[in-house]
Each structure stands twice: as structure tokens, then as C-alpha cells.
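Enquirer: Generate coordinates for the sequence data below:
(one chain, ligands or ions: 1)
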Amino acid sequence: MELINGKEIAAQIKMEIAEEVQKLREERGRPPHLAALLVGNDPASETYVANKEKSCAEVGMLSSVYKMPENITEEELLKTINFINNDDEIDGLIVQLPLPRHINTSKVIAAVCPQKDVDGFHPVNVGRMVLGQPTYLPATPMGISMLLEKTNIDTEGKHCVVVGRSNIVGTPVSILLSRNAKNANCTVTLCHGKTRNLSEICKTADILIVAVGQCEMITGQYIKEGATVIDVGMHRISDPSKKSGYSLKGDVKFDEVAPLCKYITPVPGGVGPMTIAGLIINTLKAYKKLIEN
Ligand code: NDP
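Expert: All right, here's what the predicted structure looks like:
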């Protein structure tokens, strides 16, 4: 079994980006600038946004966080998005999800100008991804694809089973890996809450990608010996022995599954750091104005 070290791969990617940013900021007179909209006080969302800010600083990018109260109206939120859309000094804009229930998330995502949509969630960018056109790929699926590439895992003709069909992970990663492209060309099966015989299907996977949102649900009985397992899951479990008061677990029962695999991602240190690397790549693309409106 070999661990896929997402932390190390992401650090390498960020180092290369930092060099490019340094050159470009001299030519252009300002660094790339990412804006994040954070609504409410959800501790997990606050941590994700803080990590994104930290990574921006590491590569020499500027970041601004627009912190909004939980009870902000949809209208006010849309106004702020419009304001950022029109600010030429801001290259990328992300809206940290989930939003409070009284706000229509689809409407908010559609309000971000596609050129600044570095999360790749806008319908225009999703459409471009499906068609294989230049776009901002959503960060987690892009991160998974880069992990497979940098670890030299052969994907062509392999059976890839994706568990979970969310718009931000499962569905886009299933599309990316099924495309006729380098580091793709998998035969993909997309599983979800209504799938029958899930463990039998997973057991046929050469590459198993798990984004199910259920802590340690995938046990040894879901795994074909020698498979590659990518665990997207992220769960905070109370742990008084840790300084933070919690430890992180994935959707995969690591201790049981790892000995059966050829490659596996750990949690933390697997997909998480690659998601942030994906966002940084997209912010650089936005700054270089590589994606049309
Ligand atoms: P969602 O909750 O949006 O989607 C979960 C999916 O899993 C749904 O499609 C659901 O099916 C399916 N599902 C749930 N239970 C079962 C089950 N028992 N059997 C089969 N399918 C099931 O999750 P996300 O995609 O947003 O996130 C998944 C996990 O990844 C979470 O733990 C999240 O925290 C983590 N995450 C980590 C990131 C990172 O950077 N590391 C980034 C994003 C997410 P149905 O559609 O039928 O309801």
C-alpha cells in the first residue's frame, strides 16, 4: 500500500504558482486577488475560508473576506456580489457554502460573473466543463484528477466508481474522469443514495472515489484488492486528546481499507490540500484572464 500525499503534491504546486505570481506581479503592478463571501458563523466554513486566505498569502496572492451576518437578505448578498463583479482589482470570487436556508443558493451562484467564478460552480462554467471547453474546473474534482496524474496512476480503460453525486464533487468528478482526455478515459459508474448493491459495485472498482458525507462508511468489504481509493470525506470528530478538541476522519474506514489498496489518500492530508491548490490555480487563471465571460 502506498499513501497518496496530497499535502506534499499541493505544496509543490503552490511553490510553482508562487514563482509565477512573483514574475507576473512585477509586470502587472498588482498581485492576483481572491475575494471570499462568508455568511454567518459556521466554524467549519470559517476554518475553510481561513485556510484559503493562508494559501493565498503563501503564493503571494491577495485575499479579502467579506463577512456577512447570518440574517443578511438575499438582495443585500446579491448587491455585494454585483459590487465585486464590477471591481477590476478583484480577479476571483467564491461564496462559501452552505448558505443560510432563507437564501437561494442557485441564484447566488448564478450571480457571480462566470469570469470570476473560480469555484467553477456557475452554470456556464459547469456547461463548459461538460463540453470539455476551457473553464474553471471545480476545485475538488480538479484536485483529485491532479492527485491521480502526479501519482502516475493509470486511468485509461479503468473502472472508476464514484460514490456520491453532489454538484461540487461526485457529479463533476465522474464527468472529468469519463472524458476522452489525458489522465481520464475511465469507465465510470456513479453511485448515490438510491443505488442498489453498493458494496458489490464498489468491489469492482479499480479506482474508488468516495464523496458520500458519511463518516467511515466505506469498509474493507467495499474494496477490490489492489484498488486506488480516494477519500473526499471530511468529518470533525470530538477528540479531547487533540489541542483543537477534534480529529478529522474521512468517508473511508482507513485502518481497515488501507491494507487492501495499492494507493489510498489519507484524511487529513489527501484531497483537502488539493482542493485549495485547485482554487489557487483557478485564481491565477482568472488573473491572467484565460476564461471568457
Ligand atoms: P453531499 O452531502 O452533497 O452529497 C452526498 C452524496 O452521497 C449524495 O449524492 C448522496 O446521495 C450520497 N449518499 C449519501 N449516503 C449514501 C449512502 N448510504 N449510500 C450511497 N450514497 C449515499 O456531499 P458533498 O459531495 O458535498 O461532500 C461529500 C463529503 O466530502 C463530505 O464529507 C464533505 O465534508 C467532504 N468534502 C471535502 C472536500 C475536501 O476538500 N476534502 C470538499 C468538498 C466536500 P443522494 O444524492 O441520493 O442523496
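Enquirer: could you pull out the helices for the stretch 151-293 of the chain?
Expert: Assigned by DSSP state H, counting those that start in this stretch, the helices in the stretch 151-293 of the chain fall at 170-178, 198-202, 254-257, 271-287.
Enquirer: Quick check: phi and psi at the residue in the chain positioned nearest to the ligand.
Expert: Per CB to the nearest ligand atom, Gly193 is where the chain lies closest to the ligand, at 2.6 Å. Placement of C-beta: from N, CA and C, glycine included. Backbone geometry at Gly193, expressed as degrees, to the nearest 10, gives phi -60, psi -20.
Enquirer: Tally up the residues packed near it, please.
Expert: Neighbour count for Gly193, taken as other CB atoms under 10 Å: 9.
Enquirer: now do Lys194
Expert: There are 6 residues near Lys194, going by other CB under 10 Å.
Enquirer: can you check the one 4 residues further on too?
Expert: Using other CB under 10 Å, Leu198 has 17 other residues around it.
Enquirer: Could you pull up the residues touching it?
Expert: Val163, Cys191, Tyr222 (CB atoms under 8 Å, 6 or more residues apart in numbering).
Enquirer: which among those residues are in contact with the ligand?
Expert: Of the residues in those, proximity to the ligand by CB under 6 Å from any ligand atom holds for Val163, Cys191.
Enquirer: Filter the contacts of Leu198 down to just the ones in strands.
Expert: Among the contacts of Leu198, the ones falling in strands (DSSP state E) are Val163, Cys191.
Enquirer: wait, which of the contacts of Leu198 is closest to Ile144?
Expert: Nearest to Ile144 among those, counting by CB to CB, is Val163 at 13.0 Å.
Enquirer: The closest one reaches Cys191, doesn't it?
Expert: Yes - the criterion here is CB atoms under 8 Å, and Val163 meets it with Cys191 at 4.8 Å.
Enquirer: Please say which of those two ends up with more neighbours.
Expert: Between Val163 and Cys191, counted using other CB under 10 Å, the more crowded position is Val163 (29 against 22).
Enquirer: Right, I'll call it a day here.
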